[in-house]
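Participant: Can you look at this prediction? I've put the sequence above it.
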Amino acid sequence: MDQLRTDIASRDRGGPAQPLLAVRDLVKHFGGRRAWGGAKAGARRGAVRAVDGVSFDVAKGETLGIVGESGCGKSTVARLIMQIIAADAGEVVFDGEAVGTRALDLTTYRREVQMVFQDSYASLNPRLTVEDTVAFGPRVHGLARRAAIARAHDLISRVGLDPARFAARYPHELSGGQRQRVNIARALALQPRLLILDEAVSALDKSIEAQVLNLLVDLKAAFGLTYMFISHDLNVVRFMSDRVMVMYLGKVAEVGACDVILRDPRHPYTAALLASMPSMDPDRRTTEAPLFGDPPNPIDPPSGCRFHTRCKLAAPVCAATAPPLADIGAAHRVACLMATPGSGHPQAAPEAA
């Protein structure tokens, strides 16, 4: 374990102050037709704007939780970072180096960033045993078969499975929790520094979910990992995350420290998500829906603030002006005109003299 942690730490190029991952103005639109002529030449008409100018950083050693309704762009951001799909615009920088350049080619990048998917069965090859599944990545990247198998057995053991019992089994012979443990072991086989977890526990029973979450916490500490944790479950995000990023309709609505976001949400959408969390307190009863209506069509999103059609605090200026992701202090950033001085919103903070 100490050697694996040392190997991962030795690849740190920029020091602790430099973000491990920096995403800048990431854009991905699906479908549509190319428009020709005019100011928007080359743009797509009728495209689904899955990710529309997303920027954020992930610090070394932290867990960034990403939340939002289905269709807000969380999984698309993860696939863009993994280079599974190509971005239309924007840049992904890993430890100071732009991904896909001569300084950081995709082969090297694949060893640094790995992903655990939601569907534990579909993400495994049904014709490979557990041993071969975990050893496959290291072998492709040049590790000798005997060394790759030894690493696979070590990781299978670290995720809580007995190699003597499970190494020769196939995915259909495993439970959902066991398959997800194999997926985690496979992701760790290349000794990555960043692990992207896309709804990695949402399909598991609650008791198994708790075991896998505790396993992830232990593995992060043991290997010095950095996590991006995508989930719908805000209680799980609260348990796992150091910071939280809230997405809505392809945009970042709010980002900040987990305890600050949960205690004092500044975006109305974040407040609505928190209000929708189930409570065990019988005195805390929900008398009205915290959020009304369905998310707008991502092919034709609302003008200005994309949340204004569902926001109880919306003012006329919200339909005309797109809010910037403004820093309101303590590394807390909000894309809401109420938090932007001089925006014209009736409840906006006054401009500094």
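Facilitator: Looks like it arrived, so ask away. In this text, all values refer to a predicted model and were calculated from it rather than measured experimentally. Residues are numbered from 1 along each chain as shown.

Participant: What is the end-to-end distance of stretch 158-177?
Facilitator: End-to-end span of stretch 158-177 (C-alpha to C-alpha, to the nearest Å): 14 Å.

Participant: next one: stretch 186-204
Facilitator: So stretch 186-204: terminal residues 18 Å apart, C-alpha to C-alpha.

Participant: do stretch 213-231 as well
Facilitator: The first residue of stretch 213-231 is 12 Å away from its last residue (C-alpha to C-alpha).

Participant: Name the residues of that stretch that are buried.
Facilitator: Residues of stretch 213-231 classed as buried: 213, 215-216, 219-220, 223, 225-231 (neighbour count, 16 or more other C-beta atoms under 10 Å). Backbone N, C-alpha and C define where each C-beta goes, glycine included.

Participant: what is the mean pLDDT for that stretch?
Facilitator: In this model, stretch 213-231 has a mean pLDDT of 96.

Participant: ok, for Gly65, nearest residue in space, not its chain neighbours?
Facilitator: Nearest non-adjacent residue to Gly65, counting by C-beta to C-beta, 6 or more residues apart in numbering: Ser241, 3.3 Å away.

Participant: Neighbours of the one you found, how many?
Facilitator: By other C-beta atoms under 10 Å, the residues close to Ser241 number 25.

Participant: before we move on, what about Leu128?
Facilitator: Leu128 has 15 neighbours, counted by other C-beta under 10 Å.

Participant: Report the contact partners of the closest residue to it other than its chain neighbours.
Facilitator: Once flanking residues are discounted, Leu128 sits nearest to Phe136: 6.7 Å by C-beta to C-beta, 6+ apart. Taking C-beta atoms under 8 Å, 6 or more residues apart in numbering, we find Phe136 in contact with Asn125, Leu128, Arg186, Ala189.

Participant: With respect to Ala89, which of the residues you listed is nearest?
Facilitator: Arg186 (31.5 Å; C-beta to C-beta).

Participant: Surely Thr108 is in a helix?
Facilitator: Yes. Counting by DSSP: H, G, I helix; E, B strand; the rest coil, Thr108 is located in a helix.

Participant: just for this structure, where's the confidence low?
Facilitator: Applying pLDDT under 70 to the chain flags the ranges 1-9, 33-44, 352-353.

Participant: That one: helices as residue ranges?
Facilitator: Residue ranges of the helices in the chain, as given by DSSP state H, are 2-9, 74-81, 106-112, 130-140, 145-158, 163-166, 176-188, 206-223, 234-240, 258-263, 268-275, 316-320.

Participant: right, so the ones you listed: which one is the most enclosed?
Facilitator: helix 176-188 (a mean of 24; mean count of other C-beta atoms under 10 Å).

Participant: what does that one contact?
Facilitator: Helix 176-188 has contacts (C-beta under 8 Å, 6+ apart) with 114-117, 120-121, 123-124, 130, 133-134, 136-137, 152, 155-156, 158-161, 166, 171, 174, 195, 200-201, 203-205, 208, 211-212, 215-216, 219, 223.

Participant: repeat for stretch 335-343
Facilitator: Residues outside stretch 335-343 that contact it (C-beta under 8 Å, 6+ apart) are 251-254, 266-268, 305, 313, 315, 317-318, 321, 323-326, 328, 344-345, 347-352.

Participant: Return the subset of those residues lying in strands.
Facilitator: Among the contacts of stretch 335-343, DSSP state E puts Lys251, Val252, Ala253, Glu254, Ala326 in strands.

Participant: would a markdown table of the helices of the chain with distance to Arg285 be doable?
Facilitator: A markdown table is the format used below for the helices of the chain (distance: least, C-beta to C-beta, whole Å):
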| stretch | distance to Arg285 |
| --- | --- |
| helix 2-9 | 48 |
| helix 74-81 | 30 |
| helix 106-112 | 48 |
| helix 130-140 | 47 |
| helix 145-158 | 44 |
| helix 163-166 | 46 |
| helix 176-188 | 34 |
| helix 206-223 | 23 |
| helix 234-240 | 19 |
| helix 258-263 | 20 |
| helix 268-275 | 12 |
| helix 316-320 | 30 |
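
Participant: looking at the ones you listed, which is closest to Arg24?
Facilitator: Closest approach to Arg24 among those is made by helix 74-81 (11.8 Å; C-beta to C-beta).

Participant: Give me the helices and strands touching the closest one, please.
Facilitator: Applying 3 or more C-beta pairs under 8 Å, 6 or more residues apart in numbering; DSSP states H and E, one finds that helix 74-81 contacts strand 21-30, strand 48-58, strand 63-67, strand 89-94, strand 194-198, strand 226-230.

Participant: Quick one: distance of the third one to the chain centre.
Facilitator: Think strand 63-67. Put simply, strand 63-67 sits 6 Å off its chain's centre (C-alpha atoms, centre = their mean, to the nearest Å).
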